[in-house]
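**Student:** Need a 3D model of the sequence below.
(2 chains)
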Amino acid sequence: MKLSQYFMPTLRENPADAQVPSHRLMLRAGMLRPVASGVYTWLPFGLKVREIVAKVVREEMDASGANEIFMPMVQPASLWQETGRWDKMDAELCRIKDRHDNNFCLGPTHEEVVTDVVRKSLSSYKQLPVMLYQIQSKFRDEVRPRFGVMRGREFMMKDCYSFDVDEEAAMNSYNTMKDAYHRIFKRLGLDYRVVKADSGAIGGDLSEEFQVIAETGEDELVFDKEGDYAVNVEKHDAETCGVPAERLETKRGIEVGNIFYLGDTYSKPMKAVVKHSDGTERPAIMGCYGIGICRTVAAAIEQNHDENGIIWPEEMAPYQIGLMNLRVSDDTCTEIADKLYDSFRALGFDVLYDDRDEPAGAKFTSMDLVGLPWQCTIGPRGVKEGKAEWKNRKTDERFELPIGELPDALQAKAKAAA
RNA sequence: CGGGGAUUGGCGCAGCCUGGUAGCGCGUCUGGUUUGGGACCAGAAGGUCAGAGGUUCGAAUCCUCUAUUCCCGACCA
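**Tutor:** Have a look, this model is predicted:
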């Protein structure tokens, strides 16, 4: 992508309203613009990152045997009355009326809708298991939206629901999802922990959270440095955890994913039942599994940034290479940079090409801000010697290579792709 | 929902206490000089000071209400 043709309005100064790093940097890097409290427009650069997260999530969901569907954001009150949540939930559930004065809500989650879909096509235990997921907008009228997209009111979420014949099968689905979640967050290159959690308003009795470690996290976690023990600090009990105090560590985390074993909390009241081999009719046993797509993007920035800007983990980087032509008015520089742009792309890389007629300093500063893993600089100084200058954003390692040659790390990638 | 801030050109801010022609930096536009970490010179455009009401000869400034927004807490995925 040529920067001269890209709508990526970067900000030189910090917006006054943005306090946490991810919010600040997403605004400054031209990823995001506020529309209302907790409601945002995603600009091309931000959207591209979000799509990468969604793609990884989608691939791992599909690989786990889940099927993608797409449910409506607008949902009839009648379904929510079946489970009692229409009355139980407070103002967080945004209720609306249509022209006929019928009650609807904006979906804060989709248990009711998905259970309704499944029950209508379900009759025999032989049809199970069923696992359905979607990637879609949710609306929760938060008491206090904050930290940009970390706690927005409208946000993109992957939500998956499993229906099984009995508890044992449901636990299988649960564990399948848990494995998928591990693969997702590993692929995204994030430092995270899995912690036991309360299942809250969703119901059910087993639940774990995937928490990305970051100083600005809303949750405080206690975990064993050497073992698996990890809980939210509210649930931590030093007496019963069985881990010596010196091995325990406390860090803050951002909840990016959660998995719930639901049992028949929804299937029973909504009569999502199947006939078993013994002739009895019993509710399907459910689980639900969420990943906050927007929040994952923000969490990645919280975890990976410095005073100059974002530092994207390899896998999440919207472009692997940021190419800079320092002297657009110099025909040789421009010719070389144009050629490199084409050849990098031909090798399978996504390239952000700063071809604007701007001072060199502006280019360096904004390239650091947007945080692409590799920067390749073409300027009169290097061109004289046939060299391009490379910089690794994360390590700040800088070196020169003959024009057209790739750093080892990228060369390996190009080969792997070919 | 309780508490505390904020609201003045696109962005960041000053002016308010002590009422008297709305300012600065950045950005934008024009022209020129430049060109390796947001360069320099000259010129220009752009604001009914969040809204409504009140006090006053006169309100960005004082008073009241409203809206929006941010932060802390409670709550929450």
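
**Student:** Within the helices and strands, which one has residue A:131?
**Tutor:** strand A:130-139 (DSSP states H and E).

**Student:** residue contacts, residue A:65?
**Tutor:** Going by CB atoms under 8 Å, 6 or more residues apart in numbering, residue A:65 touches A:131, A:176. (Glycine included, C-beta is placed from N, CA and C.)

**Student:** make it 7 Å
**Tutor:** By CB atoms under 7 Å, 6 or more residues apart in numbering, the residues touching residue A:65 are residue A:131.

**Student:** go on, residue A:108?
**Tutor:** Contacts of residue A:108 (CB under 7 Å, 6+ apart): A:92, A:93, A:138, A:139, A:140.

**Student:** 6 Å instead, please
**Tutor:** Contacts for residue A:108 (CB atoms under 6 Å, 6 or more residues apart in numbering) come out as A:93, A:138, A:140.

**Student:** Not counting sequence-adjacent ones, nearest residue to the last one?
**Tutor:** The spatially closest residue to residue A:140, leaving aside those adjacent along the chain, is residue A:108, at 4.4 Å (CB to CB, 6 or more residues apart in numbering).

**Student:** Is the one you found in a helix, a strand, or coil?
**Tutor:** Per DSSP: H, G, I helix; E, B strand; the rest coil, the secondary structure class of residue A:108 is coil.

**Student:** re the thing from before, partner strands of the helix or strand following the strand holding residue A:131, with direction?
**Tutor:** Using DSSP H and E, the next helix or strand after strand A:130-139 towards the C-terminus is strand A:154-164. Strand A:154-164 has these partner strands in its sheet, going by DSSP bridges: strand A:130-139 (antiparallel), strand A:285-292 (antiparallel).

**Student:** And the contacts of the last one?
**Tutor:** Applying CB under 6 Å, 6+ apart, the contact partners of strand A:285-292 are A:57, A:157-164, A:166-167, A:170, A:173-174, A:177, A:256-263, A:266-267.

**Student:** Please compute how far the helix or strand following it lies from its chain's middle.
**Tutor:** For strand A:285-292, the following helix or strand on the C-terminal side (DSSP H and E) is helix A:293-303. In terms of CA atoms, centre = their mean, to the nearest Å, the centre of helix A:293-303 is set 6 Å apart from its chain centre.

**Student:** Just want the angle from helix A:293-303 to strand A:154-164.
**Tutor:** 110 degrees (axes from the mean of the first three to the mean of the last three CA atoms, to 10 degrees).

**Student:** who touches the next helix or strand after helix A:293-303?
**Tutor:** For helix A:293-303, the following helix or strand on the C-terminal side (DSSP H and E) is strand A:305-306. With CB under 6 Å, 6+ apart as the test, strand A:305-306 has contacts from A:21, A:25, A:311.

**Student:** and what of stretch A:374-389?
**Tutor:** A:321-327, A:330, A:332-333, A:336-337, A:367, A:390-391, A:400-403.

**Student:** Those residues also near RNA strand B: which ones?
**Tutor:** Taking CB under 7 Å from any atom of the strand, the overlap between the contacts of stretch A:374-389 and the neighbourhood of RNA strand B is A:326, A:327, A:367, A:391.

**Student:** With distance to residue A:47 added, can I get these in a markdown table?
**Tutor:** Shown next, in a markdown table, are those (distance: CB to CB, whole Å):
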| residue | distance to residue A:47 |
| --- | --- |
| A:326 | 28 |
| A:327 | 31 |
| A:367 | 20 |
| A:391 | 26 |
